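compute the structure for the input listed below.
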Amino acid sequence: QVQLVESGGGLVQPGGSLRLSCAVSGFTLDHHAIGWFRQAPGKEREGILCVSSSGGITNYPDFVKGRFTISRDNAKKTVYLQMNSLNPEDTAMYYCNLRLNGVDYWGKGTLVTVSS
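This next block holds a predicted model:
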């Protein structure tokens, strides 16, 4: 059974950092790309970064550049999202995603709140 479990969210002050984790099970992480997405209240879900099975990285929106990085540890079956210089506009539920055989799998998300 495919499972993705996000963790690492919480309350952080503007300018702070968080590292989110996506722990996976039920499939071989080495062979698949994993993406991070987020959804702010009242807004659509948007893509952040994606890391391919070979480690290649795809960026999505401009807000990512210079602030967020993605990495993977296949041995630990975990994909990470490092977020720096956070601002209140980054407040959202953060999700990781796997597309396998045409089916999208999502975790339940981890909430990030940026506030003073």
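
would you point out which residue is most central in this protein?
Trp36 (3.1 Å; Cα atoms, centre = their mean).

so who does it touch?
Listed by Cβ atoms under 8 Å, 6 or more residues apart in numbering, the contact partners of Trp36 are 20, 22, 47-50, 70, 79, 81, 94-97. Every C-beta, even on glycine, is put in place using the N, C-alpha and C of the backbone.

from those residues, which is closest to Pro41?
Tyr94 (13.2 Å; Cβ to Cβ).

do you know the pLDDT at the closest one?
Per-residue pLDDT puts Tyr94 at 98.

please apply the same query to the one 4 residues further on.
As predicted, Leu98 sits at a pLDDT of 95.

go through the helix or strand where it lies and flag the buried ones.
Element membership for Leu98 (DSSP states H and E) is strand 92-100. Buried residues in strand 92-100, counting neighbours by 16 or more other Cβ atoms under 10 Å, are found at Ala92, Met93, Tyr94, Tyr95, Cys96, Asn97, Leu98.

and that strand, which strands flank it?
Using DSSP bridges, the strands paired with strand 92-100 are strand 34-39 (antiparallel), strand 103-106 (antiparallel), strand 110-114 (antiparallel).

can you redo those strands as TSV with distance to Asn59 and mean pLDDT?
Formatted as TSV, the strands paired with strand 92-100 follow (distance: least, Cβ to Cβ, whole Å; pLDDT from 0 to 100):
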stretch	distance to Asn59	mean pLDDT
strand 34-39	11	97
strand 103-106	20	95
strand 110-114	19	98
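
out of the ones you listed, which is closest to Gly26?
Comparison of these against Gly26 by Cβ to Cβ identifies strand 103-106 as nearest, at 8.8 Å.

and that closest one, which residues are buried?
For strand 103-106, by 16+ other Cβ under 10 Å, it's Tyr105.

what's the first helix or strand after the helix or strand of the chain with the lowest mean pLDDT?
Using mean pLDDT, DSSP states H and E, the weakest-scoring helix or strand in the chain turns out to be strand 57-59, at a mean of 84. Next helix or strand after strand 57-59 toward the C-terminus (DSSP H and E): strand 68-73.
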